[in-house]
Every structure is written in structure tokens, then in C-alpha cells.
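Trainee: Structure of the sequence below:
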Amino acid sequence: MKTTDFKFNLLDIYSGLLNNLSPDSKLELISKLSDSLKASRKPTKKSLSDLYGAFISNKSADEIIAELKNARNF
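Mentor: Numbers count the residues shown, from 1 in each chain. Got it, this is the predicted structure:
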């Protein structure tokens, strides 16, 4: 399945769910979607380098790597 097919299929599913909503609920949903679009347009000034040092642990890198490898599920 191509991603475009998946997107249209997902839109059809959402459309089916929305058909059962009342007009007031639909208007509220439109308002919330509109607000989320307006909020997402604000550019973020954070870069990846801002996260440097954000993770603090007393464990060594080797211990953390071992934990991650042991937690894998295949």
C-alpha cells in the first residue's frame, strides 16, 4: 500500500467517524483543528545542540548500552 493510499484510507475512516457527530461537536472540532494549525506555524528556535547535557545518569555508557540491548524484543 502506497502512503497516498494509506492517507486517503485514513481520511475515509475519520470521515465515517465524523458523520456521527452533532453539528456543534463538528464546529468545536473545526475550532480545535484550526487552533492546532495556527500553533504549529510558530517557528521553533530550539536546535539539537540545546539538548546537550539534558540526560543525566550515574550509569556508565557501557551500562546504558547493555540495558538497551537487553530490553530489545525481536
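
Trainee: Below-threshold pLDDT in the chain: ranges please.
Mentor: Across the chain, the ranges flagged by pLDDT under 70 are 1-8, 40-44.

Trainee: Break down it into its helices, ranges please.
Mentor: 3-18, 23-40, 61-70 (DSSP state H).

Trainee: and residue 27, how many neighbours does it have?
Mentor: Residue 27: 11 surrounding residues under other C-beta atoms under 10 Å. The way it works is simple: take the backbone N, C-alpha and C, and place the C-beta from them, glycine included.

Trainee: nope, residue 54 is what I meant
Mentor: Neighbours of residue 54 using other C-beta under 10 Å come to 6.

Trainee: Repeat that for the one 10 residues further on.
Mentor: Taking other C-beta under 10 Å as the criterion, the count of residues near residue 64 is 12.

Trainee: cool, the one 3 residues further on as well?
Mentor: A count of neighbours around residue 67, defined by other C-beta under 10 Å, yields 10.

Trainee: just residue 46 next, same as before
Mentor: Neighbours around residue 46, by other C-beta under 10 Å: 8.

Trainee: Distance to residue 49 for the helices of the chain - can I get that in JSON lines?
Mentor: JSON lines is the format used below for those (distance: least, C-beta to C-beta, whole Å):
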{"stretch": "helix 3-18", "distance to residue 49": "31"}
{"stretch": "helix 23-40", "distance to residue 49": "23"}
{"stretch": "helix 61-70", "distance to residue 49": "20"}
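
Trainee: Can you say which of those helices is nearest to residue 46?
Mentor: Across these, the minimum distance to residue 46, taken as C-beta to C-beta, is reached by helix 23-40, at 14.6 Å.

Trainee: Any chance you could give me that closest one in PDB, C-alpha atoms only?
Mentor: What follows is helix 23-40, C-alpha atoms only, in PDB (Å, rounded to 0.1, in the frame of the first residue of the first chain):
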ATOM      1  CA  PRO A  23     -23.200  19.900  14.300                       C
ATOM      2  CA  ASP A  24     -22.000  21.600  17.500                       C
ATOM      3  CA  SER A  25     -19.300  18.900  18.000                       C
ATOM      4  CA  LYS A  26     -18.100  19.300  14.500                       C
ATOM      5  CA  LEU A  27     -17.800  23.000  14.900                       C
ATOM      6  CA  GLU A  28     -15.800  22.500  18.100                       C
ATOM      7  CA  LEU A  29     -13.500  20.000  16.300                       C
ATOM      8  CA  ILE A  30     -13.000  22.500  13.500                       C
ATOM      9  CA  SER A  31     -12.100  25.200  16.000                       C
ATOM     10  CA  LYS A  32      -9.600  22.900  17.700                       C
ATOM     11  CA  LEU A  33      -8.000  21.800  14.400                       C
ATOM     12  CA  SER A  34      -7.800  25.400  13.400                       C
ATOM     13  CA  ASP A  35      -6.000  26.400  16.600                       C
ATOM     14  CA  SER A  36      -3.600  23.500  16.300                       C
ATOM     15  CA  LEU A  37      -2.700  24.600  12.800                       C
ATOM     16  CA  LYS A  38      -2.100  28.200  14.000                       C
ATOM     17  CA  ALA A  39       0.100  26.900  16.800                       C
ATOM     18  CA  SER A  40       2.100  24.700  14.600                       C
END
